[in-house]
Every structure is written in C-alpha cells, then in structure tokens.
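Trainee: Fold the following, please.
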Amino acid sequence: MKITLRKISTKDLATLAQRTINTSESGNYPVITGHPLLAELKLKYADYDAVYTKMTFSGKGNDVASSDNARDIAYTTLKAFLNSYRRMPTLPGCQSAEELYQIFKLFGLNLDRMSYSSQTAQMKKLIEELEKPVNSQKLKALQLETAFGEMKDKQTAFEAIFAEQAGANADLRNQKSATGIRKELEKTLKSFLSLLTAMKDVADWQLFYNDVNELVKAARHSNMRPAEGIGESNPTS
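Mentor: Down below sits the predicted model:
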C-alpha cells in the first residue's frame, strides 16, 4: 500500500481519510471496530475538515480598503473645499474657512496617505477638534455640517470594519496552523495504513486491507502534482 501523502491535494487527502473512515465503520470489518487508531484518525480528520477549505485570512481586506477609500474621499473633499474657500477674501466666512483649514493642517494634510492605524488616530483627533462648539459654529455658518457629518460617519464605519478584521485575524491566529493540522492527519493516516499493511496476511484483515488499498490507489492516481493549500509532510508506504 504505497502513497506519498504530501503529494496529494488537500481535497484528495480529505477524501482518502473520509473514505477510509467510512469503510472502517461500514460494519464489514469487526477487526477495526473500536480500535484506538481509528478513533484517533477520526479526530485528526475532523480537525482537518474544519479548516482545509477555509481562507487563511479573514477575507475582510477588500471591505477595509473600500471603507478606507470612502473616508479618504470625505476627508479630502472637505479639506479641498476649505482650502479653496479661504483663498476668496470677498466671500462671507472666508476667515472661518481659513481657521478650519488650519485645524486640518495641524493634524496633517496627508492623512489619506497614512497607514490605517495612523490615519484613524489623527482623524479621531481632527474630528474631536472640529466638534468643539466654536468650530461647530464655523462649519454651520459655511453650511458644511452635512459634509462634516459624512466624514464622521465614514470614520466610524471604517473603525467598525477594521475592528472586525482585526478580531477575525486574531481568531485565525489562535487556531492551529493549517499546515500543522495537515501534518497531524498525514501522520495518523500513515500509521493507520501501516497497521493494515502489517496485518494484510492475517485472515480477518485481508478483505479490509484490499478495500482500503483500492482507496489508496484511487487517491494516488487522482493528483500527481505537489500537495496544494495547507502544507506538506512526510511520505508513507
């Protein structure tokens, strides 16, 4: 019974383990019923099955990037308006626009080019300053309450989705590594197949060995490329 487990795909490894377990539990082979190695194989397969099709990361990266882009637009739009308005001394509220723009300048005119965390920290400070009554009145006089509200909403939305991503990634990091789980399944399956090989000439084991050997042959020929997805381990015979 020869197969190099590290050379079969993640899906084929799962299929081989599952079919081996199903054959073992079919009721046709009393010699394996209640065997501790079968119980161990079932546990390792359950761990593997739970993660082998899952994404390595949270999958929220695109959502975070999209939310960041939305807050960048809200920020740069308000900043650009104030920058233009303050340059027109004949317009009412020109001085208010100048003073508000200086607040943007104080916390950085390039927030949209900062890292997520740096931008978030500076945006929170900028919003806190703009929310002060004296500055809130200036925004109101310039009819910028809606634009400012949108910038705040986009910042809040970004913080929420970023926190979700951070939490999801932390959960993934706390799980056993996918590579480690594959290796554990390979090791246990190798031991199980080795047991069958050692017992193949014993009368009560012959049929069981032959049936599992057919499963191994199918897995060996199903995918001759290197294992994909969640890692490699040592070959078995």
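
Trainee: isn't residue 191 right up against residue 37?
Mentor: Yes: contact criterion C-beta atoms under 8 Å: residue 191 and residue 37 qualify, at 6.2 Å. For the C-beta atoms, the positions are set from N, CA and C on the backbone; glycine is no exception.

Trainee: which one of those two has more residues nearby?
Mentor: With neighbours defined as other C-beta atoms under 10 Å, residue 191 and residue 37 compare such that residue 37 has more, 16 against 13.

Trainee: need the contact list for residue 138.
Mentor: Shown in contact with residue 138 (C-beta atoms under 8 Å, 6 or more residues apart in numbering): 93, 96, 97, 99, 100.

Trainee: Now name the helix or strand holding it.
Mentor: helix 133-141 (DSSP states H and E).

Trainee: ok, and for the following helix or strand past that helix, which residues are buried?
Mentor: Scanning forward in sequence from helix 133-141 by DSSP H and E, the next helix or strand is helix 145-174. The neighbour-count criterion (16 or more other C-beta atoms under 10 Å) identifies 147-148, 150-152, 154-155, 158-159, 161-162, 165, 169, 172 as the buried residues of helix 145-174.

Trainee: How about stretch 119-134?
Mentor: 119, 120, 122, 123, 126, 127, 130.

Trainee: helices or strands up against the least confident helix or strand in the chain by mean pLDDT?
Mentor: In the chain, no helix or strand scores lower on mean pLDDT, DSSP states H and E than helix 145-174, which sits at a mean of 84. Using 3 or more C-beta pairs under 8 Å, 6 or more residues apart in numbering; DSSP states H and E, the elements in contact with helix 145-174 are helix 61-85, helix 116-130.

Trainee: mean confidence score for whatever helix or strand comes next after that helix?
Mentor: Scanning forward in sequence from helix 145-174 by DSSP H and E, the next helix or strand is helix 178-198. For helix 178-198, mean pLDDT is 90.

Trainee: same check, this time on stretch 213-226
Mentor: Stretch 213-226 comes out at a mean pLDDT of 74.

Trainee: my guess is residue 18 meets residue 45, correct?
Mentor: Yes: using C-beta under 8 Å, residue 18 makes contact with residue 45 at a distance of 6.5 Å.
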